[in-house]
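In: need a 3D model of the following:
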Amino acid sequence: MNTLLTSATVLADGFSLDKDTVTPGVMGFLAIFAIGVCLYFLMRNMLGKLRGVSARADEQEAAEQGAHEQGAAQSTEATEESGRETASGAEAAASGPSAEDTSTKA
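Out: Now for the predicted structure:
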């Protein structure tokens with residue numbers, strides 16, 4: 001490993017590049033273009049997935065809202081029904097013992 005580093009240093013000293021004539025060339029352009037094309041398709045795919053997540057979140061929110069409203073309606077009905085039961089129980093108590101109550105006591 002150490003000899004590789006030494007060899008690279010020696011070779012670099014003997015080799016000089018003209019900074020005005022060295023350009024990325026066609027290969028550099030193609031590499032950057034390929035990265036750009038990949039980025040375009042990745043962003044397009046991500047945008048589609050985000051739209052799907054957003055649509056599912058909206059559907060779930062609407063379902064939860066509907067369930068909440070349905071639960072509130074059922075709770076209102078249950079409250080009204082228990083109020084009716086209480087009222088009918090009060091009427092039964094006011095009218096006196098029923099035939100069932102007298103048969104169970106005997």
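In: what's the local residue count around E61?
Out: Counted with other CB atoms under 10 Å, the neighbours of E61 add up to 10. C-betas here are computed from N, CA, C, even on glycine.
In: same check, this time on D20
Out: By the measure other CB under 10 Å, the count of residues near D20 is 6.
In: ditto for D13
Out: Neighbour number of D13 under other CB under 10 Å is 8.
In: list the residues that contact it.
Out: Going by CB atoms under 8 Å, 6 or more residues apart in numbering, D13 touches no other residue.
In: which helix or strand contains it?
Out: Using DSSP states H and E, the element containing D13 is helix 2-14.
In: could I have the CA atoms of that helix written out in CSV?
Out: The C-alpha trace of helix 2-14 is given here as CSV (Å, rounded to 0.1, in the frame of the first residue of the first chain):
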residue,chain,number,x,y,z
ASN,A,2,2.8,2.3,0.9
THR,A,3,4.7,1.6,-2.4
LEU,A,4,1.5,2.4,-4.4
LEU,A,5,1.3,5.8,-2.8
THR,A,6,5.0,6.5,-3.4
SER,A,7,4.7,5.3,-7.0
ALA,A,8,1.8,7.6,-7.6
THR,A,9,3.6,10.6,-6.2
VAL,A,10,6.7,9.9,-8.4
LEU,A,11,4.5,9.5,-11.5
ALA,A,12,2.5,12.7,-10.7
ASP,A,13,5.7,14.7,-10.5
GLY,A,14,6.8,13.7,-14.0
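In: tell me which helix or strand comes right after it.
Out: Counting by DSSP H and E, the next helix or strand C-terminal to helix 2-14 is helix 25-95.
In: so which elements touch that following helix?
Out: Using 3 or more CB pairs under 8 Å, 6 or more residues apart in numbering; DSSP states H and E, no helix or strand is in contact with helix 25-95.
In: quick check: mean pLDDT across it?
Out: The predicted model assigns helix 25-95 a mean pLDDT of 82.
In: quick check: mean pLDDT of the helix holding D13?
Out: Rounded mean pLDDT across helix 2-14 is 71.
In: just the buried residues of that helix, please?
Out: For helix 2-14, burial by neighbour count (16 or more other CB atoms under 10 Å) applies to no residue.
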